[in-house]
Structure formats: C-alpha cells, structure tokens
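Enquirer: Next comes the sequence, and after it the predicted model I'd like to discuss.
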Amino acid sequence: MARNVLGETLAVCGCDPMTGFTRTGSCETGPRDAGSHTVCAVVTDEFLRFSAEKGNDLMTPRPEFGFPGLKEGDRWCLCAGRWEEARAAGLAPPVVLDACHERSLDAVRLEDLKAHASGRQ
C-alpha cells in the first residue's frame, strides 16, 4: 500500500484531469517514473508559466496524449524536483499533503511541503 508524506495511506490527488504517472488519479510512483511525479499540487498560473519557461508546458492541450492542458486550480502530480525548483524560486504551488507520495521526501523537505499545504485537502 502506497504511503503519503505523513506516513498514512496515499489519497487520490485528482481525476479531472486524470493525473499521476500511471494516470490513476494518484501520485503513485515506480521504477519507470524517472521524474518522480509524487507531489500533489494545486497548480497556479505562476507555477504553470514557470514550468513552461523551464521547458515543460503543462498549459497547452496535447490531445494525441489525452492531455487536456492544465489551468489554475487543477490538481496535478508534479515532479518532486520541479516543485522544489519552483519553491526555491518563490513560485511553488500549494500541495495536498495526504496525496503527496512519501518518495517526495527524496527531493523535498517535509517542512517545506507543510509550509505550502493547501487548505483544500
């Protein structure tokens, strides 16, 4: 059973749009997930622009991959390293702690995740 950063059962991050490396709605991870898509975030416009500037445009729909494009307020499993990079730049989106996989802690401090916890858990 997958665990979250609080040591509890991993909650679903989001299903509209369907998120997660495995597109189950959960920030589950495994050996094929080189980016560690383990941080459940409530994306902001500022973060989406930051990500696009870093080469990962999450706003533009990609129908060939079944990806509708993200908008502010969507929940999405982000790469832990990218979230940390955004945090260091002062642009980290809020996170849903109970839906952040424990592997997030390989790249992100729990204190930082807690400091960015969304009120929408």
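Expert: Done, it's in. Numbers count the residues shown, from 1 in each chain.
Enquirer: This protein: strands as residue ranges?
Expert: Assigned strands in the chain, in chain order: 37-42, 75-79 (criterion: DSSP state E).
Enquirer: Nearest to residue 106 among the ones you listed would be which one?
Expert: Minimum separation from residue 106 across the strands of the chain (Cβ to Cβ) falls at strand 37-42, 8.3 Å. For the C-beta atoms, the positions are set from N, CA and C on the backbone; glycine is no exception.
Enquirer: coming back round to it: of all the strands of the chain, which lies closest to residue 21?
Expert: strand 37-42 (4.3 Å).
Enquirer: shaky segments in the chain?
Expert: 120-121 (pLDDT under 70).
Enquirer: In it, what residue spans correspond to helices?
Expert: Along the chain, counting by DSSP state H, helices occupy 45-53, 80-88, 110-115.
Enquirer: Run through who's touching the first one.
Expert: Right, the one you point to is helix 45-53. With contact meaning Cβ atoms under 8 Å, 6 or more residues apart in numbering, helix 45-53 is reached by 41, 57-59, 70-72, 82, 86, 89, 91-93.
Enquirer: Would you list the buried entries among the residues you listed?
Expert: Using 16 or more other Cβ atoms under 10 Å as the burial test, the contacts of helix 45-53 include 41, 58, 70, 82, 86, 91, 92, 93 as buried.
Enquirer: what's the nearest residue to the fifth one if we skip its chain neighbours?
Expert: Using Cβ to Cβ, 6 or more residues apart in numbering and skipping the chain neighbours, the partner closest in space to residue 86 is residue 92 (4.5 Å).
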